[in-house]
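Visitor: Just the structure for this:
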Amino acid sequence: MSEFLASKYMGLSPYVPGEQPKDRTYIKLNANETSVPPCPGVARALADPTLVASLGRYADPHCLPLREAVARSYGISSDEVFCGNGSDEVLGFLLLTFCEAGSRIAFPDVTYGFYRDFSATQGLDWTEIALRDDFTLDVDAFAAFDGTVVFPNPNAPTGLAISTDEVARICATHPKRLVIVDEAYVDYGNETCAPLVRDHRNLVVVHTMSKSRNLAGAHIGWCIAQPDLVSDLNDIKFSFNPFNLSAPTMAIGIAALADEAYFHACTTAICETRDRTREALGRLGFTVLPSRANFLFATHATLSARDWCARLREAGILTRHYAAPRIDDWLRVTVGTAEEMEAFLAETRRILGE
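Guide: Numbers count the residues shown, from 1 in each chain. Next up is the predicted model:
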């Protein structure tokens, strides 16, 4: 670190994304992306000559056409939608807007590492609430906590989810604190909490196009909240980065939201492949959590997750191992195409047979 780094960042441990090596061609099952292209409308949107001609002008800082497209998808109004450069930026704006130094915030002990890192950079008083022994969320503990809470539903890297009724109970217990539900993986067989927003003004629901819309490279996210919260978010955005989404990015997002048939076909294929892969791993002696996301979380009694990950990598298959308490013996595997998962299973069988 340089001598100019602000002292408040000393000792910071930044979030480490899934590796993106370029030394060879890999089957990438490590970052919850997809090798499936986005819907055909995305390519048409990018090829629009009027879009290219407009690149000399700033894009709409209010992101209104994209917000309207999101609103149509949920049957809500555009003033209930805030858009950002991926759900990470949206989460960042939420904590920047509604928390201040020393504010109390809680998230699961086994979850997406960004919550911890952003809390640290903002000087928040963060608390980890332990998942239960079976890795399910401790709803009672989150309901009892009287500060801001944030958690993914389904959770990552476990893939487990709680019901909308349980989310509503967390919101209702302390209506004066903010509840942020990160629904990055909600589209793989789960019910969104978005309809609860109008009954719980302390609820914010965060979504992304990086998973179910096959647009990780475009980085488009949004949150749904009551209009005055969205107005607060926009005030902070306009004080920090008004033009946070480019015109091509918004065009891509609008095109992707317009093709519901393609979206449902992709998510259905992932769910079917996920369930087949889980069953196959079970037959090989693995314990695999009943994931409701586009990844699986697995462990084996005689094969260490670290070795499994390393040996898969040698064979050109990337997965994600976390050298962290409680989950060091578990491996997270993104659900790819049927062909990619067959290759993963074949290599896993070979490793077990050695």
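Visitor: Please, where are all the helices along the stretch 51-200 of the chain?
Guide: Using DSSP state H, counting those that start in this stretch, the helices assigned to the stretch 51-200 of the chain run over residues 64-74, 86-98, 114-121, 139-144, 164-173.
Visitor: could you dump the ones you listed to JSON lines with distance to residue 279?
Guide: Every C-beta, even on glycine, is put in place using the N, C-alpha and C of the backbone. Shown next, in JSON lines, are the helices of the stretch 51-200 of the chain (distance: least, C-beta to C-beta, whole Å):
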{"stretch": "helix 64-74", "distance to residue 279": "32"}
{"stretch": "helix 86-98", "distance to residue 279": "30"}
{"stretch": "helix 114-121", "distance to residue 279": "31"}
{"stretch": "helix 139-144", "distance to residue 279": "29"}
{"stretch": "helix 164-173", "distance to residue 279": "27"}
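Visitor: okay, now the residue nearest to residue 58 when sequence neighbours are not counted: neighbour count?
Guide: The shortest distance from residue 58 to any non-neighbouring residue, by C-beta to C-beta, 6 or more residues apart in numbering, is to residue 243 (5.5 Å). Residue 243 has 13 neighbours, counted by other C-beta atoms under 10 Å.
Visitor: Hmm, residue 243 is touching residue 62, no?
Guide: No. In this structure residue 243 lies outside contact range of residue 62 using C-beta atoms under 8 Å: 10.3 Å.
Visitor: burial measure for the closest residue to residue 324 other than its chain neighbours, as a count.
Guide: Closest residue to residue 324 apart from its sequence neighbours, by C-beta to C-beta, 6+ apart: residue 110 at 7.6 Å. Residue 110 has 21 neighbouring residues, counting by other C-beta under 10 Å.
Visitor: Please report the distance of residue 110 from residue 155.
Guide: Distance of residue 110 to residue 155, computed by C-beta to C-beta, to the nearest Å: 8 Å.
Visitor: picking up where we left off before, and the helices of the stretch 51-200 of the chain, which one averages the lowest pLDDT?
Guide: Among the helices of the stretch 51-200 of the chain, helix 114-121 has the lowest mean pLDDT, at a mean of 92.
Visitor: Can you pull out the residues in contact with that one?
Guide: Here helix 114-121 makes contact (C-beta atoms under 8 Å, 6 or more residues apart in numbering) with 8-9, 12-15, 88, 91-92, 95, 105, 107, 126, 128, 150.
Visitor: tell me, what's touching residue 110 and residue 155 both at once?
Guide: Taking C-beta under 8 Å, 6+ apart as the criterion, residue 110 and residue 155 both touch 131, 135.
Visitor: Output the helix or strand bottoming out on mean pLDDT in the chain as PDB - backbone C-alpha positions only.
Guide: Using mean pLDDT, DSSP states H and E, the weakest-scoring helix or strand in the chain turns out to be helix 114-121, at a mean of 92. Written as PDB, here are the backbone C-alpha positions of helix 114-121 (Å, rounded to 0.1, in the frame of the first residue of the first chain):
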ATOM      1  CA  PHE A 114     -19.000  -8.100  -0.500                       C
ATOM      2  CA  TYR A 115     -21.200  -7.300   2.400                       C
ATOM      3  CA  ARG A 116     -18.300  -7.600   4.800                       C
ATOM      4  CA  ASP A 117     -15.900  -5.600   2.600                       C
ATOM      5  CA  PHE A 118     -18.300  -2.700   1.900                       C
ATOM      6  CA  SER A 119     -19.200  -2.500   5.600                       C
ATOM      7  CA  ALA A 120     -15.500  -2.300   6.400                       C
ATOM      8  CA  THR A 121     -14.800   0.500   3.900                       C
END
